[in-house]
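> From the sequence below, what's the structure:
(one chain, ligands or ions: 3)
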Amino acid sequence: MKLTVLDHPLVDHKLTVLRSKDTPSATFRQLVSELVTLEAYEATRDLTVEDVPVDTPVAHTVGKRITDPRPMIVPILRAGLGMLDGMMTLLPTAEVGFLGMKRDERTLDIITYANRLPDDLSGRQCFLLDPMLATGGTLVAAINYLYERGARTITSLNVIAAPEGIKRLETEVSPSIDFHVVTCALDDHLNEQAYIVPGLGDAGDRLYGVVD
Ligand SMILES: O=P(O)(O)OC[C@H]1O[C@H](OP(=O)(O)OP(=O)(O)O)[C@H](O)[C@@H]1O
Ligand SMILES: O=c1cc[nH]c(=O)[nH]1
Ligand SMILES: [Mg+2]
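Residues are numbered from 1 along each chain as shown. Ligands and ions are numbered 1, 2, ... in the order given. The predicted structure is shown next:
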């Protein structure tokens, strides 16, 4: 497993506004979108490309294009939806699948309530989107889901990760997966409710409102 924690003043500035409890939903959504665009630059560094001929107005040359099959972007609903537009801005030719997952806030068990993904993901470079990586339970379940469908190259884009979740991924994700975590910040710890500290609270609620 490879871990990349972004180190950039723009990321730090935007993340600080995102964390503030006084930041309203509209600004929060805009900042998540901007942060994922910055993150996507790093997260797509290992995309496979192939040579392609191109005629410029001046000469014939050889450039690069992203190889087939097209990359697969998978936001984990709800909160991951807030990262989708920003990711697609950088990777407009990717396909999008969906996973609806909810952590039971009492038991921390993961409930998968929706999925819309191709049955065969072999050979696809997959990008999971979810702003919060807390205990890692949701991400492990999502990775297993993709793995069962043949995915072996998976990058997770998160906004904030907790050390507890990173540790869990290191032990529970199969070494046969080429797995990369990219996050804007690695925070301090989880509290008794398994919320990230200092974190930003419940990302889904801050993006879309409180449902339960
Ligand atoms: O690492 P974990 O301990 O599994 O926690 C992280 C998960 O919790 C949040 O989702 P939540 O279950 O609140 O669903 P929501 O996006 O619908 O709010 C978050 O977006 C992650 O999916
Ligand atoms: O801090 C946390 C932990 C899990 N889910 C969130 O939205 N925030
Ligand atoms: Mg939530």
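> OK, contacts around the nearest residue to Arg116 once chain neighbours are set aside?
Sequence neighbours aside, Phe98 is the residue nearest to Arg116 in space, at 4.5 Å (criterion: Cβ to Cβ, 6 or more residues apart in numbering). Bear in mind the C-beta positions are built from the backbone N, C-alpha and C, glycine included. Phe98 makes contacts with Val74, Pro75, Leu77, Ala114, Asn115, Arg116, Leu117, as judged by Cβ atoms under 8 Å, 6 or more residues apart in numbering.
> Of these, which is the most crowded?
Val74 (28 neighbours; other Cβ atoms under 10 Å).
> Enumerate the residues of this structure near ligand 2.
Residues of the chain found near ligand 2 (Cβ under 6 Å from any ligand atom) are Ala79, Met132, Ala134, Tyr195, Ile196, Gly199, Asp202, Ala203, Gly204.
> Could you look up the SS state of the residue lying farthest from the centre of the chain?
What lies farthest from the middle of the chain is Val58; by Cα atoms, centre = their mean that is 39.9 Å. Three-state call for Val58 (DSSP: H, G, I helix; E, B strand; the rest coil): coil.
> so what's the backbone phi/psi at it?
The phi and psi values for Val58, taken as degrees, to the nearest 10, are phi -110, psi -30.
> Could you report the neighbour count for the residue in the chain positioned nearest to ligand 3?
Proximity to ligand 3, evaluated over the chain using Cβ to the ion, is greatest for Gly204 at 3.3 Å. Burial measure for Gly204: 21 neighbouring residues, criterion other Cβ under 10 Å.
> Give the buried residues for the helix or strand harbouring it.
Element membership for Gly204 (DSSP states H and E) is helix 203-208. Across helix 203-208, burial judged by 16 or more other Cβ atoms under 10 Å covers Ala203, Gly204, Arg206, Leu207, Tyr208.
> quick one: contacts for the fourth one?
Just to be clear, that refers to Leu207. Here Leu207 is in contact with Ser25, Phe28, Arg29, Val32, Arg78, Ala79, Leu81, Gly82 (criterion: Cβ under 8 Å, 6+ apart).
> how close does Thr107 sit to ligand 1?
Per Cβ to the nearest ligand atom, to the nearest Å, Thr107 is found 11 Å from ligand 1.
> in a strand, that's where that residue is, yeah?
No: counting by three-state DSSP, Thr107 is not part of a strand but coil.
> Would you mind measuring from it to ligand 2?
14 Å.
> Check that residue and give its pLDDT.
With respect to pLDDT, Thr107 scores 93.
> let's have the chain start at 21 instead
Sure thing, new numbering starts at 21, so read that last one as Thr127.
> Quick one: neighbours of it, just the number.
Counted with other Cβ under 10 Å, the neighbours of Thr127 add up to 8.
> who touches the residue of the chain found nearest ligand 1 in this structure?
Nearest residue of the chain to ligand 1 (Cβ to the nearest ligand atom) works out as Gly224 at 2.2 Å. Counting by Cβ under 8 Å, 6+ apart, Gly224 makes contact with Arg98, Ala99.
> That concludes my questions; thank you for your assistance.
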